[in-house]
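K.L.:
Fold the stuff below for me.
(one chain, ligands or ions: 2)
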Amino acid sequence: MIENLSESSNDSNATSSLETNWSVVINDATAEKLNDYICNSIPKSSAYQTNHELYCRFCLDLSRHKMKQQLRQCNQPQCPVKFNVLLCEKKDIGSIAQKLEHNHFLSDYYNNYNGLPEKVKTVIKNLINTNPKLIPRQIRTYLNNNSDKLGIDDLPFNFDQVVTFFYRYKDSLAPKKNKIEDVERYLGDHLYFATIEPNTPFFFGFSTDGRPQPAPIIGNGSANNPVRIYATTLKLLQLNCNSDNQDLTLFHIDGTYKITIENYPLLVFGRSSPNRTLYPIAFGIISKEEKEDFIHFYESIKLLCRHFNINLRICFLMQDAQSACATAAMQCFPNVVILMCWFHLKQCIKRNTVEYVYKKHGYKKYSGIRNDTG
Ligand SMILES: [Zn+2]
Ligand SMILES: [Zn+2]
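P.N.:
Numbers count the residues shown, from 1 in each chain. Ligands and ions are numbered 1, 2, ... in the order given. Next up is the predicted model:
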């Protein structure tokens with residue numbers, strides 16, 4: 001589930017070749033300078049390997065931290081040039097090295113921007129700052145009606161780019177404070193109560209202080225004090241967990257990452273119908289993914305079902321190859337058959353063979369396999 005690209009192979013790949021035939025073309029530059037270089041100083045190129053994390057070589061302090069690596073290739077057909085872009089985000093310092101020479105005409109200046117033009121970004125930022133309640137559609141109307149005045153009438157961009165930038169910028173403005181008391185208060189205001197409307201989400205799975213107006217107690221995320229927050233609605237449980245015709249029902253569990261600020265995985269538990277629609281049943285945020293965490297998740301759902309007189313029986317469960325999750329399911333649902341998802345199987349083959357092929361046989365075979373495995 002978690003990207004696990006082997007550090008050493010990755011490292012040797014970049015460093016050994018750096019020593020032989022990579023030459024540094026820009027050094028000690030900020031992320032912005034690196035981006036300018038890629039957009040203005042070299043022919044259009046595209047990243048073919050990205051977000052590889054290596055230990056930082058720019059910082060001389062002893063705190064071992066990761067830097068980002070991106071490998072790019074010149075887009076001109078048959079041109080052998082590659083670029084190795086390194087960036088330490090901690091100190092905003094990076095470099096670009098080039099391998100081999102271009103075999104085509106080179107110009108002094110390029111315009112390789114394919115994102116939203118800076119000028120349009122500035123206009124949108126100003127709009128959001130002065131009118132925080134604007135929605136993307138209103139921004140589009142404003143841009144369209146004032147393109148002459150704003151001097152953006154000949155810039156290429158589309159509405160999707162405006163929407164993406166709009167939300168990214170809004171996100172960056174949101175305060176990143178993440179106080180546990182605020183979370184507990186929020187959960188406390190959204191607990192189950194006897195007259196709750198069936199479509200209203202409520203939270204469960206954590207302990208409370210046991211008072212008549214219970215206050216949730218959330219762990220600090222350490223090994224002995226994990227964070228476990230689950231959510232569902234009465235309607236979702238009643239519709240999807242009842243044992244009528246459940247012999248043929250396929251249940252699913254998977255986790256998704258990089259959604260929460262703390263990088264805790266978001267678990268999704270659901271069932272699918274024969275026409276391949278997935279119906280979510282419960283969501284969970286957990287701070288670690290060991291057997292006991294999955295057991296806790298499943299047992300909390302079972303407990304709820306018992307409480308609401310819903311007869312949950314799971315015969316088939318689809319998941320990725322995570323053994324902690326499978327062991328937990330077998331313990332909580334005796335006789336369950338664990339199935340492995342085709343997508344995850346392909347993903348696993350890809351992850352474990354592609355790196356190897358790339359190193360042994362080069363880029364062409366590598367991209368072939370990458371395409372075959374989707
Ligand atoms: Zn660094
Ligand atoms: Zn080239």
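K.L.:
ok, now which ones touch the closest residue to ligand 1 within the stretch 201-350 of the chain?
P.N.:
The minimum distance from the stretch 201-350 of the chain to ligand 1, using Cβ to the ion, falls at residue 263 (19.6 Å). The C-beta positions use only the backbone N, C-alpha and C, and glycine is treated the same way. Going by Cβ atoms under 8 Å, 6 or more residues apart in numbering, residue 263 touches residue 257.
K.L.:
Name the SS class of it, please.
P.N.:
Under DSSP: H, G, I helix; E, B strand; the rest coil, residue 263 falls in the coil class.
K.L.:
From residue 227, how far off is it?
P.N.:
As judged by Cβ to Cβ, to the nearest Å, residue 263 and residue 227 stand 12 Å apart.
K.L.:
Check which helices and strands the longest helix anywhere in the chain sits against.
P.N.:
The longest helix of the chain (DSSP state H) is helix 342-361. Contact here means 3 or more Cβ pairs under 8 Å, 6 or more residues apart in numbering; DSSP states H and E; on that basis helix 342-361 packs against helix 7-21, helix 363-372.
K.L.:
For the protein, what lies in contact range of ligand 1?
P.N.:
When proximity is defined by Cβ under 5 Å from the ion, the chain lies next to ligand 1 at 56, 58, 59, 88, 90.
K.L.:
can I assume the last one is in contact with residue 65?
P.N.:
Spelled out, it's residue 90. Yes: contact criterion Cβ atoms under 8 Å: residue 90 and residue 65 qualify, at 5.8 Å.
K.L.:
which residues are common contacts for those two?
P.N.:
Common contacts of residue 90 and residue 65 (Cβ under 8 Å, 6+ apart): 56, 59.
K.L.:
and the residue in the stretch 101-250 of the chain that ligand 2 sits nearest to, helix, strand or coil?
P.N.:
Ligand 2 sits closest to residue 102 of the stretch 101-250 of the chain, with a gap of 3.5 Å, by Cβ to the ion. Following three-state DSSP, we place residue 102 in the coil state.
K.L.:
That one: what's it in contact with?
P.N.:
By Cβ under 8 Å, 6+ apart, the contact set of residue 102 is 43, 74, 76, 79, 81.
K.L.:
Out of the helices and strands packed on helix 342-361, which gets the lowest mean score?
P.N.:
For the helices and strands packed on helix 342-361, the weakest mean pLDDT is recorded on helix 7-21, namely a mean of 47.
K.L.:
continuing past the lengthiest strand in the chain, what's the next helix or strand?
P.N.:
The residue-count maximum for a strand in the chain (DSSP state E) belongs to strand 45-55. Later in the chain than strand 45-55, the nearest helix or strand by DSSP states H and E is strand 66-74.
K.L.:
Show me what counts as buried in that next one.
P.N.:
The neighbour-count check on strand 66-74 (16 or more other Cβ atoms under 10 Å) flags 67, 68, 69, 70, 71, 72, 73, 74 as buried.
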